[in-house]
Every structure is written in C-alpha cells, then in structure tokens.
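# Need coordinates for the below:
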Amino acid sequence: MKKYWTLDKWIEKLKTSGKLLNLTTLKRLSGIEEEASIRKSVFRLVKKGVIKKVGKGLYLNTFNPSSVEELAMVLKKPCYISFESALSHYGIISQIPFVLTCATTRKPCKSEKIVFHHISPKLFWGYIGDNGVFYAEKEKALLDWIYWFRKTQRVNLHLDEFDFSLLDRKKLKKYSKKFPETVRNVLKDIL
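Numbering: from 1, shown residues only. The predicted model follows:
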C-alpha cells in the first residue's frame, strides 16, 4: 500500500528538520520510497511554499531557513566568501553589498542573492571556516578583489574608501607574491 503524506504531516516533520534538504533526506523523512511519488510530493511542497527550490535537487526548509552564507557553501562547492562581501564583513569597506560574493574554482554564476566568481585553483587558499561558512582572510579578500577587478574591469581601481589600517601589511605582502604582477603593482601604492 502506498504511503500518503498530508501537508500537515510534512509540516510537522519539516519543523524539526535541517535547513537545506535534498531528495534523499526528504525520502528518509517521509518514508516514501518511490521516486515518482517523492518528486510529486516535493513539487506540491514547493508549490505551497513549504520548501523552496534553491538548486538542482536542493530545497530550503522554510521552517528552518538557512542564511545566504550557508546556502552559498552548499550551492557551489568548493567556495568561500571573498571580494567586497568579505571586505565589508571585516569593516575594510563601509558599503554593504547587495549580493554575497564568493570565490570558486568552478564556473562562475549568479543568482538573486549570490555571485560566484571563478578564480584559478592555484589562488584558492587563504580562507577560514566558522560553523561551515568559509571567509577569505582580510588580506586575501583584498587580493582576490584586486585580482578579479583588474582581470574583468576596464576602469581604474578606486581604493580611497578602503580602511587599510585593519590589514596586516606583512601578511598582505607575503600573500601578494602568489598573485600576478598586476596585483602586486596595485599594492605598491597601499604598502
């Protein structure tokens, strides 16, 4: 006999479930084994707004929502928060970005709230974790930003709004040696 799950049963289970759910987790929660049945149930849950699709086979539990930062860590592994988002997080820039900017070695992409910039695998280092969310170190975030900006923009950098007193200049100089010369040239004015 097929197991039928009502909306009330789903809500009861989801209230005590994780933040991000995949089909396997939803199968385990419900006990529904058949692929077609679980997909139909998930489709209905999305349509009712009980869960929200955030990626291929990945759903946000609206009863226990994750932060944008937590979501980014799952959507595009491997990645870490860098660029203007990390610089803002550390207080190096005063502006708060509209989107979360992350570095990844995979293809770049963007969504409504998150932008993933591709960086070379040899530059994918210099980040620290905090409860599963990875942030570039202050100095690395600045270098990532300069590197990406110089690579993609055709205008001059404006560094007058940056608070460089919050950076470890020795670490910045050491880290910059792993970046192209164009990045190091920008740093000459800062150091």
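# Phi, psi for residue 114 please.
Here is the backbone geometry of residue 114 (degrees, to the nearest 10): phi -130, psi 140.
# Contacts only, for the residue most central in space within the chain.
Note on the chain: the residue nearest the mean C-alpha position is residue 72, at 2.6 Å, using Cα atoms, centre = their mean. Contacts here follow Cβ atoms under 8 Å, 6 or more residues apart in numbering; on that basis residue 72 touches 79, 81, 100, 102, 114, 116. The way it works is simple: take the backbone N, C-alpha and C, and place the C-beta from them, glycine included.
# Likewise for residue 125?
Neighbouring residues of residue 125 by Cβ under 8 Å, 6+ apart: 140, 178.
# same check, this time on residue 162
Here residue 162 is in contact with 87, 92, 93, 142 (Cβ under 8 Å, 6+ apart).
# Which of these sits closest to residue 60?
Nearest to residue 60 among the contacts of residue 162 is residue 87, at 26.9 Å by Cβ to Cβ.
# Strands along this protein, start to end?
20-22, 51-55, 58-61, 79-81, 100-104, 109-110, 114-118, 127-130, 133-136 (DSSP state E).
# pretty sure residue 145 contacts residue 82?
Yes: Residue 145 lies in contact with residue 82 (Cβ atoms under 8 Å); the separation is 7.3 Å.
# Those two - which one has more neighbours?
Legend: neighbour count by other Cβ atoms under 10 Å for residue 145 and residue 82, higher for residue 82 (30 against 26).
# Can you tell me how far the more buried one is from residue 143?
9 Å (Cβ to Cβ, to the nearest Å).
# so what sits against both of these two?
By Cβ under 8 Å, 6+ apart, no residue touches both residue 82 and residue 143.
# low-confidence ranges in this structure?
1-4, 154-155 (pLDDT under 70).
# Could you break it into its assigned domains?
The chain breaks down into these domains under automatic domain parsing: 7-61, 71-190.
# Tell me the span between the first and last residue of the longest one.
Domain 71-190 has an end-to-end distance of 34 Å (criterion: Cα to Cα, to the nearest Å).
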